[in-house]
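J.: sequence first, then the predicted structure, then my questions.
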Amino acid sequence: MEKSALQIARAAYQPKLPKALLGPVVAKEGKPTQSVGNQEEIKQLFPNTYGMPVIEFEAGEQKTYEPFNVGIILSGGQAPGGHNVISGLFDGVKSLNPQNKIYGFILGPGGLVDHNYMEITPELMDEYRNTGGFDIIGSGRTKLEEEDQFEKGIQILRQLGIKALVIIGGDDSNTNACVLAEYYAAKKYGVQVIGCPKTIDGDLKNEQIETSFGFDTACKTYSELIGNIQRDCNSARKYWHFIKLMGRSASHIALECALQCQPNICLISEEVEAKAMSLDDVVTYIAQAVANRAKDGNNFGTVLIPEGLIEFIPAIKKLIAELNDILATPEAQNLGRSEQIDFVKAHLAKDNLEVFNSLPTSVARQLALDRDPHGNVQVSLIETEKLLSQMVAAKLDQWKKEGKYVGKFGTQHHFFGYEGRCAAPSNYDADYCYSLGYNASRLIANGKTGYMSVIRNTTAPAAEWIAGGVPITMMMNMEKRNGKMKPVIRKALVELDGAPFRYFASKRDEWARQTAYVYPGPIQYWGPSEVCDQTTKTLQLEHQ
Ligand code: FBP
């Protein structure tokens with residue numbers, strides 16, 4: 001494989017580890033834990049993995065380990081740093097016993113069920129150190145939840161002598177990792193399951209998990225692009241750029257990019273919901289900012305839109321909840337696309353049907369599209385940026401007729417998601433991911449199962465990071481998925497009383513009227529620490 005000069009130089013980077021992981025460790029255990037919600041139900045569903053203590057690693061005595069093998073799965077959407085989780089795990093497992101082997105299951109959880117795997121050799125590993133992407137073994141969205149999948153999995157795990165499986169994924173995949181851990185523990189199969197917090201969306205975080213990996217690099221990549229657009233925008237002064245950003249339901253990515261770039265407008269879905277804003281309220285808010293800038297002769301600007309926005313407009317959220325239930329029925333699942341829309345219309349309650357019919361046909365169709373395997377609306381397919389700019393244009397036309405607005409409204413549309421998911425990891429993600437993987441090897445060596453690998457205190461220099469494990473059941477509550485109540489990891493949405501949002505809210509009126517753009521530029525790997533090793537603004541504000 002031919003490589004760029006940057007790739008060659010970057011391959012030689014040795015990611016940093018927390019001091020506690022540099023030598024042998026001992027696991028310091030805290031008190032028994034509880035789930036964040038529905039304690040009794042979660043306890044009953046996870047009798048073998050509920051209530052375990054939080055673990056922190058400290059320097060310990062050198063031990064010897066019999067050889068063992070480890071399996072690894074990349075699950076869900078790509079996030080920068082996945083290869084470094086694998087290299088950290090690889091180096092960690094080999095440091096325990098050089099005869100240990102790592103097997104990667106190909107194209108996600110489906111690889112375990114279908115017995116599709118490859119050994120990760122030292123040569124293969126070296127090809128992928130510090131690179132973006134999940135292409136070493138590929139990723140997939142197969143949902144691991146059925147007993148026959150777990151049984152097929154144990155066959156191949158036994159055949160390969162695998163003692164522990166590491167699942168790298170977001171909230172849904174880690175929920176499944178916990179279900180698998182519980183199943184194997186209940187059956188006394190002797191296979192441990194460990195999760196790792198991945199997702200660019202930044203919504204897998206809580207008191208124990210500071211951030212999911214990939215969020216840092218993805219936001220920095222999008223912010224570079226938004227900054228470039230803002231320079232163009234401020235040079236030509238003729239377009240409003242509507243920029244949709246990935247992130248599923250949560251607006252963490254949009255908020256972080258706003259903190260980095262200071263756009264004219266950034267919508268935060270969680271606020272739209274809290275204020276019970278209608279689609280017309282959102283459109284009026286944008287149109288007003290456009291009209292205000294037009295008064296100053298500024299017929300240009302930038303609008304950041306989280307991809308899940310539409311789901312948070314209360315009337316649409318209610319509609320989606322009913323659509324989810326209707327689409328989960330066996331009758332709906334056996335229908336073709338156009339029959340499915342008719343079926344949906346025939347079964348929606350009157351108020352929801354009215355909302356459904358009021359939406360532009362393309363958006364209504366997109367809302368009624370197939371869910372992903374975890375039952376989520378595929379919000380990345382809904383063109384909210386176009387919907388909003390068209391509605392703003394219509395409102396401005398109306399205001400023009402009424403003599404309330406004089407200006408020009410030219411638009412450009414962008415959707416940033418795939419541009420950042422496989423970017424070469426920033427120093428933060430390279431170190432964080434390597435540490436998460438290395439730390440997972442220590443959880444395995446300590447016989448843990450049903451835990452997520454956790455690295456904390458990451459706004460400090462890497463040597464001071466804290467390494468350990470958190471029982472996955474601790475993050476769970478019961479939620480409705482695919483029409484049924486299920487135990488799931490609680491998603492972290494933007495908190496409106498949290499420091500990142502409060503800082504943004506204190507500045508946004510100024511950014512809306514003025515041209516206060518910041519141009520973050522590309523991620524740097526070498527150079528002054530304040531340029532290369534900065535964490536996200538979100539993390540900085542949360543840890544002030
Ligand atoms: P994960 O939760 O799997 O990490 O998803 C990340 C993400 O990039 C979301 O932001 C986006 O909505 C989704 O994946 C798109 O996935 P796909 O490319 O499979 O449609």
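T.: Right, received. Where do you want to start? Keep in mind that what you see is a predicted model, and the values were worked out from it rather than measured.

J.: just the strands in the stretch 351-500 of the chain please.
T.: 411-416, 451-456, 466-471, 476-481, 484-489 (DSSP state E, counting those that start in this stretch).

J.: for the stretch 201-350 of the chain, same thing?
T.: Listed in chain order, the strands of the stretch 201-350 of the chain (DSSP E, counting those that start in this stretch) span residues 240-245, 265-266, 301-306.

J.: thinking again about what came up before, nearest to Asn100, out of the strands of the stretch 351-500 of the chain?
T.: Asn100 lies closest to strand 451-456 among those, at 17.1 Å (CB to CB). No exception for glycine: its C-beta is placed from N, CA and C like everyone else's.

J.: who does that closest one touch, helix- and strand-wise?
T.: Using 3 or more CB pairs under 8 Å, 6 or more residues apart in numbering; DSSP states H and E as the contact test, the elements touching strand 451-456 are strand 192-197, helix 427-445, strand 466-471.

J.: closest to the ligand out of the ones you listed?
T.: Closest of those to the ligand is strand 192-197, at 10.2 Å (criterion: CB to the nearest ligand atom).

J.: could you give the angle of that closest one to strand 466-471?
T.: Here strand 192-197 points in a direction 120 degrees away from that of strand 466-471 (axes from the mean of the first three to the mean of the last three CA atoms, to 10 degrees).

J.: strand 192-197 packs against which elements?
T.: Identification of packing neighbours for strand 192-197 by 3+ CB pairs under 8 Å, 6+ apart yields strand 162-169, helix 171-186, helix 427-445, strand 451-456.

J.: tell me the contacts of the residue lying closest to Tyr184 once chain neighbours are set aside?
T.: Excluding the flanking residues, the one nearest Tyr184 by CB to CB, 6 or more residues apart in numbering is Val191, at 4.8 Å. Contacts for Val191 were tallied using CB atoms under 8 Å, 6 or more residues apart in numbering; they are 154, 157, 162-165, 184, 449.

J.: where does the chain dip in pLDDT?
T.: Along the chain, segments meeting pLDDT under 70 span 370, 374.

J.: up against the ligand, what does it have?
T.: Residues of the chain lying close to the ligand (CB under 6 Å from any ligand atom) are 76-77, 79, 170, 199-201, 246-248, 378-380, 417, 421.

J.: filter those to the buried ones?
T.: Buried subset of those (neighbour count, 16 or more other CB atoms under 10 Å): 76-77, 79, 170, 199-201, 246-248, 379-380, 417, 421.

J.: out of these, which are inside helices?
T.: Among these, the members found in helices (DSSP state H) are Arg421.

J.: so which two of the buried ones among the residues of the chain next to the ligand are the farthest from each other?
T.: Ala79 and Val379 (17.1 Å).

J.: report how many residues lie close to Glu256.
T.: When counting by other CB atoms under 10 Å, one arrives at 29 neighbours for Glu256.

J.: sorry, that was for Val454
T.: Val454 sits with 24 neighbouring residues when counted by other CB under 10 Å.

J.: that one: what's its closest spatial neighbour, skipping adjacent residues?
T.: Using CB to CB, 6+ apart, the closest residue to Val454 is Val470 (5.0 Å).

J.: what's across from the one you found in the sheet?
T.: Met452 (DSSP bridges).

J.: in the stretch 201-350 of the chain, what residue is nearest the ligand?
T.: In the stretch 201-350 of the chain, the residue found nearest to the ligand is Met246; the distance is 3.5 Å by CB to the nearest ligand atom.

J.: hang on, that residue packs against Leu381?
T.: No. Taking contacts as CB atoms under 8 Å, Met246 lies outside contact range of Leu381: 11.4 Å.

J.: overlap in contacts of these two?
T.: Shared contacts of Met246 and Leu381, defined by CB under 8 Å, 6+ apart, are absent.

J.: can you tell me what sits against stretch 104-118?
T.: If you take CB under 8 Å, 6+ apart as the criterion, stretch 104-118 is touched by 71-76, 86, 103, 119-120, 136-144, 149, 152-153, 155-157, 160, 165, 167, 173, 176.

J.: apply the buried test to the residues you listed and list what passes.
T.: 71-76, 86, 103, 120, 136-144, 149, 153, 156-157, 160, 165, 167, 173, 176.

J.: of all the helices and strands packed on strand 451-456, which one comes closest to Ala460?
T.: So among the helices and strands packed on strand 451-456, strand 466-471 is nearest, using CB to CB, at 9.0 Å.

J.: same for that closest one, what does it pack against?
T.: strand 25-29, strand 55-59, helix 427-445, strand 451-456.

J.: CA-only coordinates of the first one in CSV, if you can.
T.: Which is strand 25-29. Extracted in CSV, the C-alpha atoms of strand 25-29 (Å, rounded to 0.1, in the frame of the first residue of the first chain):
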residue,chain,number,x,y,z
VAL,A,25,-1.2,-2.8,37.7
VAL,A,26,-3.5,-3.7,40.5
ALA,A,27,-7.3,-3.0,40.3
LYS,A,28,-8.6,-0.8,43.1
GLU,A,29,-12.3,-1.5,43.5
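
J.: partners of it in the sheet?
T.: strand 55-59 (antiparallel).

J.: and the next helix or strand past the partner strand?
T.: Where DSSP states H and E defines the elements, the next helix or strand beyond strand 55-59 is strand 69-74.

J.: that following strand versus helix 171-186: what angle between them?
T.: Strand 69-74 and helix 171-186 are oriented at 150 degrees to each other (the same axes, to 10 degrees).

J.: and strand 69-74, how far out from the chain middle?
T.: From the chain centre to the centre of strand 69-74 is a distance of 21 Å (CA atoms, centre = their mean, to the nearest Å).

J.: what helices and strands are in contact with the helix or strand that that strand is followed by?
T.: The first helix or strand that comes after strand 69-74 along the chain, using DSSP H and E, is helix 82-96. If you count contacts as 3+ CB pairs under 8 Å, 6+ apart, helix 82-96 packs onto strand 69-74, strand 101-105, helix 122-128, strand 162-169, helix 427-445.

J.: now do helix 82-96 and strand 451-456, the angle between them.
T.: Computed by the same axes, to 10 degrees, the angle between helix 82-96 and strand 451-456 is 100 degrees.

J.: for helix 82-96, list every residue counted as buried.
T.: 82-96.

J.: wait, which of the residues you listed is closest to Pro314?
T.: Nearest to Pro314 among those is Gly82, at 35.9 Å by CB to CB.
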